[in-house]
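Q: 3D model of this:
(chains A and B)
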Amino acid sequence: MNIVVCVKQTFDTEAKIVLDGSGNIDGSAVKLVINPYDEYAIEEALKLKEKFGGDVTLVSMGGERAPEALKTGFAMGADRGVLVTDPALEDPDEWACAEVLAKAISQIPYDIILTGRVAIDDGSGQVAVRMADALGVPSVSCIVELSVEDGKAVARREIDGGTELVEVCLPAVLTAQKGLNIPRLPSMAGIMKAKNKELKKLSLADVGIDASGFSRKMSVPKLSLPNPRKGGKTVPGEPAEAAKELARLLREEAKAI
Amino acid sequence: MNFDLNEDHLMMREMVRNFAEQEIAPGIEERDELEEFPEELWKKCGELGLAGVTFPEEYGGVGADYISYGITIEEISRVDASLGVTVSAHSSLCANPINIFGTDEQKKKFLTPLATGEKLGALGLTESLAGTDASGTQTTAVRDGDEYVINGSKLFITNGYYADTYIVTAQMDKSKGHKGIAAFIMEKGTPGFTFGKKEKKMGIRSSATYELSFEDVRIPASNLLGEEGQGFKIAMVTLDYGRIGIASQALGIAQGAYEAAIKYSKERKQFGKTLSEFQVTQFKLADMALQIEAARLLVYQACQLATEHKPVSKHSAMAKLFAAETCNKVATQAVQILGGYGYTREYPVERYMRDAKITEIYEGTSEAQRMVIASHILKEF
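A: You can find the predicted model right below:
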């Protein structure tokens, strides 16, 4: 089975986000990780490989530090990687990502494409679905359970208030939700072998896109940080009275309950 | 000279740290309280390759260098020094002498399952009359046809009872003193090989420490490690490398205690300020950081020498001595910073302090390390 996993390198979930002088996110000193939802996708891919045999290919876009993320995937057990890297891809929007990934994937054999349901950095959740459309294959979002047989995938996906069981013909794009699995830690041997795995770097031209006419369709005029967290509030008084007051504040002021 | 860890080392550190925080940390207080050996965690160590970091791939190991091994023990011990010594004793004291002195056949049979973590290893060296003076070994071995017959007992054996494979030293010719000692590979379950009492310890309480007892234990002659009379040398070389494991364990304890102290000092307020705003605390923390950094350099230097197959004896003794004294100072200061809370079992620093003490005692006391260092430096002049 040819399994493709799209991975994105994102900021560590604990990273402190700061804006530089011109209002852009300053990522210079930030620890980068594989998007945690993509890790579920890698784990699921490795499980499929263990069951059916075949290969797991990681596909990613990014700059200088992107190979780090792919190497983590290799250490977990993925077989090879494709990284599209190009000066014209410095700040791609969702359309650009979907186009580029679809073009890169169309060059390799695939039976199933897995990725995270959303990247934790920009949180748009668009790329996988638009990429499926560009490839002309069906997509199933937010899966928490997956089984594959006879050219079909049966996936349980999260919907509002419950789950839905979906059957889909392969090839298809499926996006992973938390709960699908627990990603394995790379083993020592996996880490040692990671640097010897094939990582193919492709430019836009290599995937058949003319870089000169390639620009984002959407712009982001302004980024702003959330308001700083205010200090906590102590509700004084007798326990019974204080609890009552706390419940009132939670309901009326914080609108939390 | 380059002080940077390479990409593999950084990934290994992150992996072992994640493993330690996600899987080793839960239940650690209970294991300490109940003196419970974590068999499940040992199994997971094997699955992740932590049982055979430095051993060749052809014998089931990972084939990584000693820095990788040091990092492994350090990161495990940063969270759980008991599991740290379990892995260290298994790797350094049992698997490693088989790797260095074993025949190809012995490595296939004994090293492979140890390196994969399928089996746990231990070393039976110490006896009631043979501590720092290992030449006082009273356990005897007599050749009888195709077998050796072993009689005697061993004391304070880390991983005892739980281990499957034991290296055991025994005296074959008392008149030759330490040159009469031989080392043998003994398997759990061999008739006559039994376990005595389990030690109740001050620290590293969820590691297992047992007495071993041998009553006419017959083992095949092919289980002789090295040659007859080589046992003392095997033990000394084993300990030269073993100290790297304990030095790394001590480093991990120091790091864990330091982090707990610095975290607390930034939260706890007295007189309207956090503890970390008082110069008295800052100086304590600065001294901790300084000692840990110095210890880490010594430990990694010893690791690097071992990787390059250069003599390690002096440097591993220095690393172990300095790291052991460092973790005792750091853990004691950490308890001091946490004050009354630090003395309770609600916080981990009292455990770090209890765990730290043993690093100055086993695999050669701090006094024995000074003996080793002195013997080297006096020869050099």
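
Q: use CA for all of it now, contacts and neighbours both
A: Noted.

Q: how about the helices in the stretch 101-250 of chain A?
A: Here the stretch 101-250 of chain A has its helices, by DSSP state H, counting those that start in this stretch, at A:127-135, A:188-194, A:239-248.

Q: I meant the stretch 151-300 of chain B, not that one.
A: All helices of the stretch 151-300 of chain B, identified by DSSP H, counting those that start in this stretch, fall at B:231-267, B:279-307.

Q: and the ones you listed, which is most packed in?
A: Ranked by average neighbour count under the criterion mean count of other CA atoms under 10 Å in any protein chain shown, those are headed by helix B:231-267 at a mean of 25.

Q: and that helix, how far from the chain's centre?
A: 8 Å (CA atoms, centre = their mean, to the nearest Å).

Q: re the thing from before, out of the helices of the stretch 101-250 of chain A, which gets nearest to chain B?
A: Among these, helix A:188-194 comes nearest to chain B, with 5.2 Å by CA to the nearest CA.

Q: Beta-bridge partners for the closest residue to B:G160 other than its chain neighbours, please?
A: Take B:G160 and drop its neighbours on the chain: the residue closest to it by CA to CA, 6 or more residues apart in numbering or on different chains is B:Y210, 4.9 Å away. Beta-bridge pairing of B:Y210 under DSSP bridges involves B:I157, B:K198.

Q: Pull up the pairing partners for the lowest-mean-pLDDT helix or strand in chain B, direction included.
A: The weakest-scoring helix or strand in chain B, judged by mean pLDDT, DSSP states H and E, is strand B:269-270 (a mean of 92). If you go by DSSP bridges, strand B:269-270 pairs up with strand B:273-274 (antiparallel).

Q: Could you list the buried residues of the strand or helix carrying B:A317?
A: B:A317 is part of helix B:313-343 when elements are defined by DSSP states H and E. For helix B:313-343, burial by neighbour count (16 or more other CA atoms under 10 Å in any protein chain shown) applies to B:313-338, B:342-343.

Q: Looking at chain B, what residue ends up closest to chain A?
A: Here chain B gets closest to chain A at one residue, B:L48, 4.3 Å apart by CA to the nearest CA.

Q: can you tell me which residues contact that residue?
A: A:185-189 (CA atoms under 8 Å, 6 or more residues apart in numbering or on different chains).

Q: how about a cut-off of 6 Å?
A: Residues in contact with B:L48, defined by CA atoms under 6 Å, 6 or more residues apart in numbering or on different chains, are A:187-188.

Q: Which strands or helices does the helix holding B:A317 pack on?
A: helix B:231-267, helix B:279-307, helix B:349-357, helix B:366-380 (3 or more CA pairs under 6 Å, 6 or more residues apart in numbering or on different chains; DSSP states H and E).

Q: Name the nearest residue to the closest residue to chain B within the stretch 101-250 of chain A, ignoring sequence neighbours.
A: In the stretch 101-250 of chain A, the residue that lies nearest chain B is A:S187 (4.3 Å; CA to the nearest CA). Nearest non-adjacent residue to A:S187, counting by CA to CA, 6+ apart: B:L48, 4.3 Å away.

Q: need the helices and strands packed on helix B:313-343 in TSV with mean pLDDT and distance to A:D160, can you?
A: As requested, the helices and strands packed on helix B:313-343 are exported to TSV (pLDDT from 0 to 100; distance: least, CA to CA, whole Å):
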stretch	mean pLDDT	distance to A:D160
helix B:231-267	97	40
helix B:279-307	97	50
helix B:349-357	98	45
helix B:366-380	96	63
